[in-house]
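A.B. asks: coordinates only, sequence not included:
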């Protein structure tokens, strides 16, 4: 179940934003993807917590790479749109987005992601994303 | 109409993520807010364009600060949720998010933002956000 | 766990739209709510399936009543916003929305709902909602 | 600019839900669509105002038909997802959804809709939708 889908890992490594955040691809296989990032000054909003934009960015990346694991080789995944709800302050030491594909169609994939922050030894649910990805088929189909 | 609401500018300057992005608060007054950022390697997705997470982050910040300009002094603005649609590749030299408050209530504010990217001399519409902000009244009301 | 929260049932019975749809409140307790409706000509889109608006309406009602079960007596629940993804044709004989509160705050509640349609003996996942509710406290607080 | 796109009008007339609501297609051309409905007991929530599900349904239909006016003949439009914010009580005598296509792609269309309610002689802004439509090309392309 766990593991790293190779093409997904390669795509992830080419995202300058993720590298810069210091984000790690923890899992990417079988319609699931988990990304983690540690807290840092350059990831904060005005009160010193993780910025909502960081939560959104890693959740979006997790959703995209989850869809990627179910797509044909050489397909491309593009985010059509996403929505994210902020449930609690992201005030922990780490941030984790865990994405699961709800439905993978030929052209469109619907994915959800749970965002959690590590407070002490406990992961607290701080965000929830529902996203739509476009699956661009290899030869321009789709 | 243009100008910089002081408290909004102060709040913006304390967002580590925005500073780090090199984002500038261009306008913040009367329920409007404009934020701009130039392209840079650490803001990219796998194809070298602005990452969707960057578009979301500056649009979210623009929505929050737009609501801020209409809130009572010492109120705090928190993002409840937002949704963003990606309309076109954000492949320009600059990125701009322009937010407008649609309705400011006592506790809840609805804000939309248009995200554009500068290609040559033309701003192309590449993203659209619809967001909900929580207005936390000064003394714990709201 | 199952059962019918009295105030929620009363509120539901006063929704003309739900009555008219022939929708039934199947469960409402402890942050959960399930609503079902049978197929009928007046609930269709152009191809004879359940209209997306019907799916949205019962999912919205399920989310609101789920939040209601966790709110103080005499509080009022108002939908701030919702988002719904359509995963598959809602072409079954029945439609069911099952809502679960993800986080109930003093003023704001985040709720998700799964929408399913009954094809033969099997419920197929056809929609997913992520919603935000406003909890208006009894004496004008909130 | 105004007028009724023939295929759009035909599709609209086959939506049982719209007929049942008593909704009228007022305009459908050039990436725009306007739908109106009058108040009625069977369209209410618990306080006698237009139900959020009705607002969502007519806004969704308006978005779909707006995209329809820009699609190739014999293409089909399917809602991928939508989000709607409720800005003010929909307590007027009529409800109107006005949709505008923001970007029409080959497979995906992004559309926004403004929902207003008629109080006395004035239309008040009570809802805002941002939606994504799938354009299914005539011969299974897309």
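C.D. replies: Sure thing, it's come through. Computed from a prediction, not measured in an experiment: that's the story for all the values here.

A.B. asks: so in chain A, which strand runs the longest?
C.D. replies: strand A:122-136 (DSSP state E).

A.B. asks: and it with strand C:122-136, angle?
C.D. replies: Counting by axes from the mean of the first three to the mean of the last three CA atoms, to 10 degrees, strand A:122-136 lies at 120 degrees to strand C:122-136.

A.B. asks: touching chain C at all, strand A:122-136?
C.D. replies: Yes: with CB under 8 Å from any CB of the partner chain as the criterion, chain C is reached by strand A:122-136 at A:125, A:128, A:130, A:132. From N, CA and C alone the C-beta is placed, and that goes for glycine too.

A.B. asks: who wins on neighbours among those?
C.D. replies: residue A:130 (26 neighbours; other CB atoms under 10 Å in any protein chain shown).

A.B. asks: ok, and the closest non-adjacent residue to it?
C.D. replies: Using CB to CB, 6 or more residues apart in numbering or on different chains and skipping residues adjacent in sequence, the residue nearest residue A:130 is residue C:130, 4.5 Å away.

A.B. asks: next one: residue A:88
C.D. replies: Nearest non-adjacent residue to residue A:88, counting by CB to CB, 6+ apart: residue A:126, 4.5 Å away.

A.B. asks: what does residue A:123 give?
C.D. replies: Nearest one to residue A:123, counting by CB to CB, 6+ apart, is residue A:116 at 4.1 Å.

A.B. asks: pretty sure that neighbour is touching residue A:126, no?
C.D. replies: Yes: with contact defined as CB atoms under 8 Å, residue A:116 counts as touching residue A:126 (6.3 Å).

A.B. asks: and stretch A:64-75, how far out from the chain middle?
C.D. replies: 13 Å (CA atoms, centre = their mean, to the nearest Å).

A.B. asks: can you pull the contacts of residue A:100?
C.D. replies: By CB atoms under 8 Å, 6 or more residues apart in numbering or on different chains, residue A:100 lies in contact with A:31, A:32, A:66, A:111, A:112, A:113.

A.B. asks: which among those residues gets closest to chain B?
C.D. replies: residue A:113 (12.5 Å; CB to the nearest CB).

A.B. asks: residue nearest the centroid of chain A?
C.D. replies: In chain A, the residue lying closest to the centroid (CA atoms, centre = their mean) is residue A:62, at 1.8 Å.

A.B. asks: looking at this, it is in a helix?
C.D. replies: Yes: assignment of residue A:62 by DSSP: H, G, I helix; E, B strand; the rest coil places it within a helix.

A.B. asks: okay, now the nearest residue to it once chain neighbours are set aside: neighbour count?
C.D. replies: Closest residue in space to residue A:62, ignoring its immediate chain neighbours: residue A:99 at 3.7 Å, by CB to CB, 6+ apart. If you count neighbours by other CB under 10 Å, residue A:99 ends up with 30.

A.B. asks: against residue B:22, how distant is residue A:84?
C.D. replies: From residue A:84 across to residue B:22, the span is 24 Å (CB to CB, to the nearest Å).

A.B. asks: please apply the same query to residue A:45.
C.D. replies: The value you get for residue A:45 to residue B:22, if CB to CB is used, is 17 Å.

A.B. asks: out of the two, which sits in the busier spot?
C.D. replies: Neighbour tally, residue A:45 and residue B:22, criterion other CB under 10 Å: the higher count belongs to residue A:45, 26 against 13.

A.B. asks: list the contacts of residue A:124.
C.D. replies: By CB under 8 Å, 6+ apart, residue A:124 lies in contact with A:88, A:92, A:116, A:117, A:118.

A.B. asks: same check, this time on residue A:28
C.D. replies: With CB under 8 Å, 6+ apart, residue A:28 has these contacts: A:3, A:4, A:5, A:8, A:9, A:12, A:34, A:65, A:66, A:68, A:69.

A.B. asks: correct me, but the first one touches residue A:26?
C.D. replies: No: using CB under 8 Å, residue A:3 is not in contact with residue A:26, being 10.5 Å away.

A.B. asks: between these two, which is the more surrounded one?
C.D. replies: Between residue A:3 and residue A:26, counted using other CB under 10 Å, residue A:26 has the larger neighbour count: 15 against 12.

A.B. asks: how about the nearest residue to the more buried one, chain neighbours excluded?
C.D. replies: residue A:34 (4.3 Å).

A.B. asks: number of nearby residues for the one you found?
C.D. replies: Residues near residue A:34, counting by other CB under 10 Å, number 22.

A.B. asks: what about the helices in chain A?
C.D. replies: A:6-13, A:16-21, A:52-68 (DSSP state H).

A.B. asks: tell me the most buried of those?
C.D. replies: Greatest average neighbour count among the helices of chain A goes to helix A:52-68 (a mean of 29), per mean count of other CB atoms under 10 Å in any protein chain shown.

A.B. asks: which one's more surrounded, residue A:116 and residue A:126?
C.D. replies: When residue A:116 and residue A:126 are compared for neighbours, residue A:126 comes out ahead with 25 against 21, by other CB under 10 Å.

A.B. asks: ok, the more buried one touching residue A:90?
C.D. replies: Yes: judged on CB under 8 Å, residue A:126 makes contact with residue A:90 at a distance of 4.6 Å.

A.B. asks: need the overlap of contacts for those two.
C.D. replies: Here residue A:126 and residue A:90 share the contacting residues A:55, A:115, A:117, scored by CB under 8 Å, 6+ apart.

A.B. asks: return the member of those nearest to chain C.
C.D. replies: residue A:115 (11.3 Å).

A.B. asks: how many neighbours does the residue nearest to that closest one when sequence neighbours are not counted have?
C.D. replies: Once flanking residues are discounted, residue A:115 sits nearest to residue A:127: 3.3 Å by CB to CB, 6+ apart. Residue A:127: 26 surrounding residues under other CB under 10 Å.

A.B. asks: residue A:39: what's it in contact with?
C.D. replies: Contacts for residue A:39 (CB under 8 Å, 6+ apart) come out as A:50, A:92, A:93, A:94, A:95.

A.B. asks: can we see that at 10 Å?
C.D. replies: A:22, A:48-50, A:54, A:90-95, A:117-118 (CB atoms under 10 Å, 6 or more residues apart in numbering or on different chains).

A.B. asks: these: which two are farthest apart?
C.D. replies: Distances among the contacts of residue A:39 were taken as CB to CB; the most separated pair is A:22 and A:91, at 18.0 Å.

A.B. asks: buried stuff in stretch A:85-98?
C.D. replies: For stretch A:85-98, the neighbour count (16 or more other CB atoms under 10 Å in any protein chain shown) marks A:85, A:86, A:87, A:88, A:90, A:92, A:95, A:96, A:97, A:98 as buried.

A.B. asks: lovely, talk soon.
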